[in-house]
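1. sharing a model prediction with you, sequence too.
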Amino acid sequence: MTVRVASPVGGRVVPLAEVPDPVFAQAMVGPGIAVDPERAPADAVSPVDGTVVTLHPHAFVVATDTGPAVLVHLGIDTVKLKGEGFTLHVVKGESVRAGQPVVGWDPGKIEAAGYSPVCPVIALDAQPDELGEQRASGAVEAGAPLFTWHR
């Protein structure tokens, strides 16, 4: 089975190792890739078709119907903002399609508040060798392919 994971935000692809948080940089929660978002208000979109199984203002997890789940974390340490600056567009348990808006946010304001707006996109419970084609670098639009996950 192959899951195609799309970028939840527009911006520039960066390796997970460059994320300024050791939990993500060392792939402790799973392998993936990160996107340094454009600094304009935008909606973070679902990276896959599935069900929203975890939903916080700063992060969400969408589980596919076949099991694999993808974590999107909007910025680093943004949990400290206690939801300020984020707008939820869905509820936990809701079915979503890839590209559907999940959370509205403003990466520029996140950065101005002293936090990194970089967005890790993680294949939860995956082994590093399960990730196939990855967009290695460069610009990416929200909803564009980011990586494939072979499970």
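-> Sure thing, it's come through.

2. any idea how far the longest helix belonging to the chain is from the chain center?
-> Ranked by residue count, the top helix of the chain under DSSP state H comes out as helix 107-112. Distance of helix 107-112 from the chain centroid (CA atoms, centre = their mean, to the nearest Å) equals 17 Å.

3. can you show me the CA trace of it as CSV?
-> Taking Å, rounded to 0.1, in the frame of the first residue of the first chain, the C-alpha atoms of helix 107-112 are listed here in CSV:
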residue,chain,number,x,y,z
PRO,A,107,3.3,32.0,10.2
GLY,A,108,4.5,35.6,10.2
LYS,A,109,2.8,36.3,13.5
ILE,A,110,4.2,33.0,14.9
GLU,A,111,7.7,34.1,14.0
ALA,A,112,7.1,37.7,15.3
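
4. okay, buried residues for that helix please.
-> 107, 110 (16 or more other CB atoms under 10 Å). To be clear about C-beta, it is placed using only N, CA and C from the backbone, and glycine gets the same treatment.

5. now stretch 48-57
-> Here stretch 48-57 shows 48-52, 55-57 as buried, counting by 16+ other CB under 10 Å.

6. got the contact list for that stretch?
-> Residues outside stretch 48-57 that contact it (CB atoms under 8 Å, 6 or more residues apart in numbering) are 3-6, 46, 60-65, 68-71, 79, 81-86, 88, 90-98, 102-103.
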